[in-house]
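[1] Okay, here's the prediction I keep looking at, along with the sequence it came from:
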Amino acid sequence: MKAIHFGAGNIGRGFVGLLLHDAGYEVVFADVNASLIDALKAATTYSVHEAGEESTTRVVDNFRAINSATDEAALIQEIATADIVTTAVGPTVLRFVAPVIAAGLEARDASLPPLAVMACENAINATDVLAEQVWLHVAEGDHAAVNARVAFANTAVDRIVPGQADGSGIDVTVEAFYEWVIERGAFNGAVPVIPGATFVDNLAPYIERKLFTVNTGHATVAYLGSVAGVTKISDALLVPEVLDGARRVLEETSALLVAKHGLDEAAQRAYREKILVRFKNPALPDTVQRVGRQPLRKLSRHERFIGPAAEIAERGTRPTALLEAVGAALRFDVADDEQSVELHAKLRSLTAAGFVTDVCGLDATHPLFSDVVTVVEGVQRTL
Ligand SMILES: NC(=O)c1ccc[n+]([C@@H]2O[C@H](COP(=O)([O-])OP(=O)(O)OC[C@H]3O[C@@H](n4cnc5c(N)ncnc54)[C@H](O)[C@@H]3O)[C@@H](O)[C@H]2O)c1
Ligand SMILES: O=P(O)(O)OC[C@@H](O)[C@@H](O)[C@H](O)[C@H](O)CO
């Protein structure tokens, strides 16, 4: 059994690659980072350290690596003969990996079982986004044939994998917790065997619970922590205002999730308390800079702030804590984060209303619009 995994970064090596390895797959990592690929090629094993009260180390072997920028022909053949393709490259990068997946599907022998394709990104239905891009690169006349060779399945992935202190190594430090939820219906009965994953009929409650609890909470800690001048995520939670802000944001999104998906209120309360404990793990060298990365993506319409805030406003409530977190996100100022630089350029060049339309994707008739405009105006006055 063979799996091709795009993105040999933190979550690629520390989570998806590990779980596929544990499921018995040979994992072929595909990445554009030449030094990372060379390091993986030179190694026969790498270690995944689970940092926490009881630290354990897992060893991954049975992997290969391909430079997807320079070895496209070889990669197409690997995809054509694989059982699974996964990605963890970032939602904005999916369109760049789509052409080679399309070429691999075109080259795939029709007698093979359908290729399972799963995007493991922090975004609602990221695999649908990938599939849409793949279809753009499949010849019109081949759509029916290629459709029989592929099963696109959405997923939700959860494990905190910080940036690695030794950026040149391939070993990776992760938290002990993990969850990989995959939609079952996409496989037409032939569900892949991945013991570490959970297959469900309806992914929506799982992906929204994950994105609007773990990631909304995480980003709130990062942005409030950044405003408070803190570097590490675990230290940010020692600042009373940051902890209080994160708790209040999580109460707002939890109320929405309970009302919308019928989640059990007590279970959701326990879930959000548990994630605060996960964020506080001092053994994880995680930073406000990593967790806050790409603020324009995080402030977009269906992402962790505006997504739930818009729904709360549509239900007639003002999402006060989420609006405060948006205000902190607008202050995220990191010179080597391209989106942070672009965010500040937009704050300077656009009107508040123009900014809210452009960045947050809200139009003037939306019930959240004027509240976000007020937040943006407040930040613009301080620039
Ligand atoms: N780190 C976490 O805690 C975590 C947890 C859950 C989900 N995720 C999601 O996983 C994705 C990756 O996050 P990460 O933290 O591993 O980031 P990362 O930067 O460590 O890894 C991304 C990798 O993708 C590679 N890449 C970029 N463009 C590529 C391309 N065109 N082709 C192939 N490879 C390419 C990069 O070189 C890098 O090695 C994101 O969507 C993130 O939201 C991360
Ligand atoms: O990867 P991002 O940039 O969407 O979000 C940053 C973190 O919140 C994220 O990587 C978490 O660590 C992860 O989603 C935990 O499962």
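    Good, I have the coordinates. Worth saying up front: this structure is predicted, and the values here are computed from it rather than measured. Ligands and ions are numbered 1, 2, ... in the order given.
[2] just checking, P91 touches E121?
    Yes: counting by CB atoms under 8 Å, P91 sits close enough to E121 to count as a contact (4.7 Å). C-beta coordinates here come from the backbone N, C-alpha and C atoms, glycine included.
[3] more neighbours, those two?
    Between P91 and E121, counted using other CB atoms under 10 Å, E121 has the larger neighbour count: 24 against 19.
[4] Contact partners for the more buried one?
    Contact analysis of E121 by CB atoms under 8 Å, 6 or more residues apart in numbering lists 87-91, 94, 157.
[5] same deal with P162?
    Here P162 is in contact with 10, 173, 284-287, 290 (CB under 8 Å, 6+ apart).
[6] Point out the residues in the chain that sit beside ligand 2.
    Listed as neighbours of ligand 2 in the chain under the rule CB under 6 Å from any ligand atom: 122, 158-160, 214-215, 218, 291, 293-294.
[7] re earlier: so which of the contacts of P162 sit within strands?
    Counting by DSSP state E, the part of these found in strands is T173.
[8] Strands - which of the residues of the chain next to ligand 2 land there?
    D158.
[9] What about the residues of the chain next to ligand 2, which are in helices?
    Among those, the residues falling in helices (DSSP state H) are 218, 291.
[10] Out of the residues of the chain next to ligand 2, which is nearest to R318?
    Distance to R318 across the residues of the chain next to ligand 2 (CB to CB) is lowest for N215, with 21.8 Å.
[11] circling back to that earlier point, for the contacts of E121, which two are the farthest from each other?
    Spanning the widest gap among the contacts of E121 are L94 and V157, at 14.3 Å by CB to CB.
[12] Local confidence estimate at I101?
    pLDDT for I101: 98.
[13] Quick check: it vs ligand 2, distance?
    With distances taken as CB to the nearest ligand atom, to the nearest Å, I101 is found 21 Å from ligand 2.
[14] Then S226?
    As for S226, its distance to ligand 2 is 13 Å (criterion: CB to the nearest ligand atom).
[15] neighbours around that residue, how many?
    The number of residues packed near S226 is 25, by other CB under 10 Å.
[16] Confirm for me that it is in contact with G292.
    Yes: S226 is within contact range of G292, at 6.0 Å (criterion: CB under 8 Å).
[17] Name the residues contacting each of those two.
    Contact with both S226 and G292 is made by residues 332, 334, according to CB under 8 Å, 6+ apart.
[18] ok, whichever residue of the stretch 201-350 of the chain sits closest to ligand 2 - contacts?
    Per CB to the nearest ligand atom, the residue of the stretch 201-350 of the chain with the smallest distance to ligand 2 is H218, at 3.7 Å. Contacts for H218 (CB under 8 Å, 6+ apart) come out as 160, 233, 275, 279, 291.
[19] Kindly state the pLDDT recorded for whichever residue of the stretch 251-383 of the chain sits closest to ligand 1?
    For the stretch 251-383 of the chain and ligand 1, the shortest gap (CB to the nearest ligand atom) falls at R290, measuring 7.4 Å. At R290, the model reports a pLDDT of 98.
[20] Can you tell me how far the residue nearest to it when sequence neighbours are not counted is from V117?
    Excluding the flanking residues, the one nearest R290 by CB to CB, 6 or more residues apart in numbering is G163, at 4.9 Å. Noted for G163: a distance of 27 Å to V117, by CB to CB, to the nearest Å.
[21] Of the two, which one has the most company?
    The neighbour comparison of G163 against V117 (other CB under 10 Å) goes to V117, with 24 against 15.
[22] correct me, but the more buried one touches R149?
    No: using CB under 8 Å, V117 makes no contact with R149, being 10.3 Å away.
[23] tell me the contacts of the residue nearest to R290?
    Neighbour list for G163: 10, 285-287, 290 [criterion: CB under 8 Å, 6+ apart].
[24] Give me the below-cutoff pLDDT ranges for the protein.
    Along the chain, segments meeting pLDDT under 70 span 166-168.
[25] Excluding chain neighbours, give the residue nearest to the residue positioned nearest the centre of it in space.
    Residue closest to the mean C-alpha point of the chain, counted by CA atoms, centre = their mean, is N122 at 2.0 Å. For N122, ignoring the flanking residues on the chain, the nearest one in space by CB to CB, 6+ apart is N215 at 5.7 Å.
[26] Give me the neighbour count for that neighbour.
    For N215, the tally of surrounding residues (other CB under 10 Å) stands at 20.
[27] And it, how close does it get to N67?
    Where N67 is concerned, N215 sits at a distance of 30 Å (CB to CB).
[28] Next: S349.
    Using CB to CB, S349 is found at 38 Å from N67.
[29] Between these two, tell me which one has more neighbours.
    Neighbour count, other CB under 10 Å: between S349 and N67, N67 has more, with 19 against 9.
[30] show me the contacts for the more buried one.
    Contacts of N67 by CB under 8 Å, 6+ apart are 30-32, 34, 37.
[31] Can you report phi and psi for it?
    When quoted as degrees, to the nearest 10, the phi and psi of N67 stand at phi -80, psi 110.
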